[in-house]
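1. Quick one, what's the 3D model for this:
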Amino acid sequence: MKTRFVTKLALVLSISCALSVATAQTESPGQKARRILDAAGVKGGLIVHIGCSDGKLTAALRDGNSYLVHGLIRKPQDLAGARGNISSAGLYGPVSVDLLEGKTLPYIDNSVNLVVAEMPIEISEREIMRVLVPQGVSYLRTGGKWTKTVKPRPDNIDEWTHYMHDPSNNAVAHDTAIGPLRHLQWDGAPQFSRHHEFTSSVAAVVSANGRLFSIMDMGSRASIHMPPKWRLTARDAFNGIVLWEKPIDSWFNHLWPLKDGPAQPPRRLVAVDDSVYVTLGLEAPVSRIDAATGRILQTYEGTEFTEEILCSDGTLFLLKNDESMNPKDYYPKLMICWDEKNRTMKPSEGYLLKPEKRDIVALNAQTAEPLWKVEHPVEPLTLTADDDSIYFHNWKQVVCLDRKTGQPRWRSEPVDQRDNMGYVYGPTLVAYDDVILFADGRLKRKIRALAKKDGELLWQAPHYPAGHAGSAEDLLVVDGLVWCGQIAGGKHSGVFTGRDPSTGEVKREFTPEVETYWFHHRCHRSKATDKYILTSRTGIEFVDIREQNWETHHWVRGACTYGIVPCNGLVYAPPHPCACYLESKLSGLCALAPASQRTADMATPAANRLVKGPAYGTRLKSAGQQADQWPTYRHDAARSGATQTAVNLPLTERWRSDLGSNLTSPVVADGLVFVASPETHTLYALNAEHGENVWTFTTGAEVDSPPTIYRGLAIFGCADGRIYCLRASDGALVWRFMAAPRNTRLVSYGRLESVWPVHGSVLVNDGIVYCVAGRSTFLDGGLRFCRLDAATGRLLSENVIDDQRSPQKDVKVLNMPVALPDVLSCDGELVYMRSQVFDLEGKRIQTIDPTLEPFERANEQLGKGAHLFCPTGFLDDDAWHRSYWIYGRAFSSGCNWWFRAGRYAPAGRMLVFDGDRVYGFGREPGLFVWSHVLENHLFCSEIQADADAIERVSQWSQKSGRDAMFNRRFTRATTTVDRLAPKLHWSVVQPPLHARAMVLAGDMLFVAGPPDVLHEDDAFNRPRDPQVVAKIAEQDAAYEGKRGALLVGISAAKGGRAFQIDLPTPPVWDGMAAAEGRLFVCDTDGRLTCFGQKN
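-> Predicted coordinates:
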């Protein structure tokens, strides 16, 4: 549904108002900001202040947490002062400042909500309109007058107001701006859904009037047994900034098996114009919420237990029950999710939906005046509305009601009668022109077309299988034809058939012309635009129904149950729990756009990428490095997390420095401790002996990991796309290099970043800096692998990794080449990015045959190229159940293989290693399977298994069937030789903590993290036990950092506990370093603490 009022606006709305010089001179920055915001009428989003001078007005423009403000300065000499003023106000990070160079604004198209400028800015109106979101505002002062201009919403983009697009249930966006995906518009949290084997974390997503609304479970990713935390979240649709959130106290049971449901919650969220209609709880009444602010405007009396909402021309049509749809007293009983799903489908278990009567209620959406109420059995997902009628399937026949009175107009002959249905499934009923279309493929696999005027059967035809795991039926009317495709399974033909809606005559039919691996269709139905059917046979496929061709995107997919949302010229892919293509596929809530000339231009490197600072030419320190230093992330280029230097015991707190915000892990060299604060874009250098702040350096965006200290230089990457080199002793700039092709920003996870960010911890090997700029080989021109001279910043080579030209190259089942960046590592001969191998010249090379089958790939762990890596990245702190670190050569993605590499090589949630041993924390060996009951151990193993051991485990894995894939009977067997190839030297089961930081120093393993108070087998076996319920709540609080943390010392030789001390707060992820006989810990409250012997 396109927003009517927008298309009727004049293209430009201008408001000019006189402002006296005296008033301007007497206004405070806060008063001026308030006046500007009131005049502009912008409620949250990204504000750009051009010509921000001292930064005080820039800071004042942030009128709450829903605003992100970026100031632009022309004069380099003003930059430090503006940043200092904003920092003094405690706002740097959400408010930041950078230089404006040239006549181009440093933002992607359609990303800024408000542009404010008070002086001649040498930026064209066209350029300002380019960066503004549709309905965004420019507010410019010329002389004594302010002029407000509103960018119109283009006619070629659409909204998505209901689960099935609009009340007609035809899930087709009238959006011609959407096309095959080449560009990231924005991304945001959460990174993953909670669990693959349970209720999807994404319940609903809709969009209206430039905003995106979602209901998601934001509960712990570390354990599905933790309580759910459902939230209604409003974001700007074009930059993803969170505008407001509301908690939802109760929702459908989050432990329902295999992401199977239910089908109806997506129908509980509707957005039209500036109103959101939603039930703020499973039994809660319907509320109307102000879309801009989140304020509840109205609660509709008597609408408790509403299951579905439609809003059509100012009238709410509600499907209302008289009791909760939540399965009463449900808890899983069977360990294997498929078995548990089958159990819930048995009529004897009492969980099936039946044709019981519901109330259909009509209300005036604005006044809440009841219009009518009738009682009928209504099959889920079939309630449909058009201009004069309401339609639904009553489990036996299609029924038509007068929308003004609720009186029956007609009933069809019996159509696909059924007696019960599982929670996850729903048929599809679509109102289109003069026809009602109905498909219930679980019965006779037929499409039936009925006449709107009287319900007479016009035609019927085969309905092809689509979707997976019980998802709703595909039935789409696109380009005037009724479409369905044979796409449910990998072996289905993929043929799409388009029929005349009035006669059923086949008008078009075609099969895929691409040759690639097809998985089963993801567990959701397809959506469409007027040109493309958007399937998900593997990732997201654009099926062009006019040109009759397919374009595949295996590297992105939507959420289980819900799928994707195509609108606003974008495709929104909500977070998934999927381990397919794990080193290549995007994660998080992603908004993606097609290619444009602007996208192509952005990928062309700009001139003058190297900037020389005042300390350029600094003489390097001698190449020798003291053994007791920790000069880079995880100590060394191999990222071992280990040092031969011991930490002096017993530990006491030597000093603590409160830096006030979340921190990275620390590095230590030359008597200084270096740590970055990502939130405030600041790098700190502190005296390692006493903790005093020696210097700080503020960048243009966040620094996500610590610098590398090399011969007196502190070198690090930044999310602004640059590499910085500072003199380590005083923080003076030596050089700065733009690793991104140019300075262009987008919003990522609520932060303003380069389209091509660089991880903070760069690799330095033999005087050469190695770094990667970018987000994916498939987006915005790909990744840029740069090599720089460490002393001078001179570019030595640049290798562009762009797999868009051949997106299916080397795809083998559910694996493809690594497409996502990470902190790089090196063994002196090869460079690594996740499992991807590069030579020292920066060229990507293959060390593993890409044609290997997934089982074979998981076995490929021995020989040259074994290294420490994480398929989801070193900095991933999500604790998602399908991720782990590994010391090996390969990872095999996919539902049947993601856990298998962990059997053949040392693997865990976090690892450190020395010459011949790996130490770690992670799931017990018997649990490298599908399992929702997870127990961890601390362990020490050999660094590589021998070939015979790998073969033994491989044979067991292939012969043991379900035992090799599922946790059938929970066991703590930690030494089962059939299940683990690397030999364990020792194992500590039921450790007292969940490790978030780990360091090997000398003969002592230091481990820190929140306490572990829950045995998950108890959570499964005794979920109603009050003591277990209390333990679950306590563990959830511990995961959130509310129960402090433990620091434990473990003997590296034997695994015995040497000491244990309490910490007030958990460490940040991987947040420890050992140097100079001391232990340095960064915690989640923004404190850096030094432990060691008493002075």
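
2. could you pull out the helices for the stretch 51-200 of the chain?
-> With DSSP state H, counting those that start in this stretch applied, the stretch 51-200 of the chain shows helices at 56-60, 79-88, 125-131, listed in chain order.

3. which helices and strands sit right next to the second one?
-> Taking 3 or more CB pairs under 8 Å, 6 or more residues apart in numbering; DSSP states H and E as contact, the helices and strands that helix 79-88 lies on are helix 56-60, strand 67-73, strand 95-99. The way it works is simple: take the backbone N, C-alpha and C, and place the C-beta from them, glycine included.

4. Minimum distance to residue 108: which of those has it?
-> When the helices and strands packed on helix 79-88 are ranked by proximity to residue 108, the top entry is strand 67-73, at 12.8 Å, counting by CB to CB.

5. Report the mean confidence score over that closest one.
-> Model confidence over strand 67-73 averages 97 on the pLDDT scale.

6. Next, the residues that contact it from outside, please.
-> Contacts of strand 67-73 with the rest of the structure, by CB atoms under 8 Å, 6 or more residues apart in numbering, involve 44-53, 55, 58-59, 61-62, 79, 82, 86, 94-100, 105-106, 241, 745, 747, 750-752.

7. what sits up against stretch 832-842?
-> Taking contacts as CB under 8 Å, 6+ apart, the residues outside stretch 832-842 that touch it are 583, 765-766, 768, 770, 772, 785-787, 797-799, 817-818, 820-822, 824-826, 829-831, 844-847, 865, 867, 869-871, 873, 889-891.

8. So residue 788 sits against residue 795, correct?
-> Yes - under the criterion of CB atoms under 8 Å, residue 788 makes contact with residue 795 at 6.0 Å.

9. Show me whatever sits in contact with both of those two.
-> When CB under 8 Å, 6+ apart defines a contact, the residues bordering residue 788 and residue 795 alike are residue 737.

10. Comparing the two, which residue is more hemmed in?
-> When neighbours are counted by other CB atoms under 10 Å, residue 788 and residue 795 differ, and residue 788 comes out ahead with 26 against 16.

11. Would you mind confirming that residue 557 is in contact with residue 539?
-> Yes - applying CB under 8 Å, one finds residue 557 in contact with residue 539, separated by 5.0 Å.

12. Report the residue spans of the stretch 151-300 of the chain with pLDDT below the cut-off.
-> Along the stretch 151-300 of the chain, segments meeting pLDDT under 70 span 260.

13. all strands for it, in order.
-> Listed in chain order, the strands of the stretch 151-300 of the chain (DSSP state E, counting those that start in this stretch) span 172-173, 181-188, 202-208, 211-217, 230-236, 242-248, 269-272, 275-279, 286-290, 296-299.

14. Which strand or helix spans residue 1018?
-> Residue 1018 is part of helix 1016-1021 when elements are defined by DSSP states H and E.

15. Residue 316 too?
-> Secondary structure here is read from DSSP H and E; on that basis residue 316 sits in strand 315-320.

16. For the next helix or strand after that strand, which helices and strands make contact with it?
-> The C-terminal neighbour of strand 315-320 among helices and strands, as given by DSSP H and E, is helix 337-344. Counting contacts by 3+ CB pairs under 8 Å, 6+ apart, there are no secondary-structure elements packed against helix 337-344.

17. buried residues in helix 337-344?
-> Along helix 337-344, the positions that meet the burial threshold by neighbour count (16 or more other CB atoms under 10 Å) are 337, 339-341, 344.

18. Stretch 871-889 too?
-> Buried residues in stretch 871-889, counting neighbours by 16+ other CB under 10 Å, are found at 871-876, 878-889.

19. Please apply the same query to stretch 986-997.
-> By 16+ other CB under 10 Å, the buried positions in stretch 986-997 come out as 986-988, 991, 993-997.

20. same question, stretch 900-908
-> The neighbour-count criterion (16+ other CB under 10 Å) identifies 900-908 as the buried residues of stretch 900-908.

21. that older thread, residue 1008 is nearest to which of the helices and strands packed on helix 79-88?
-> Checking the helices and strands packed on helix 79-88 against residue 1008 by CB to CB gives strand 95-99 as the closest, at 31.5 Å.

22. ok, residues contacting that closest one?
-> For strand 95-99, contacts defined as CB under 8 Å, 6+ apart pick out 52, 55, 58-59, 61-62, 68-74, 76, 79, 82-83, 86, 89, 106, 681, 700-701, 720, 752.

23. Of those residues, which qualify as buried by neighbour count?
-> Neighbour counting by 16+ other CB under 10 Å classes 52, 55, 58-59, 61-62, 68-74, 79, 82-83, 86, 89, 106, 681, 700-701, 720, 752 among these as buried.
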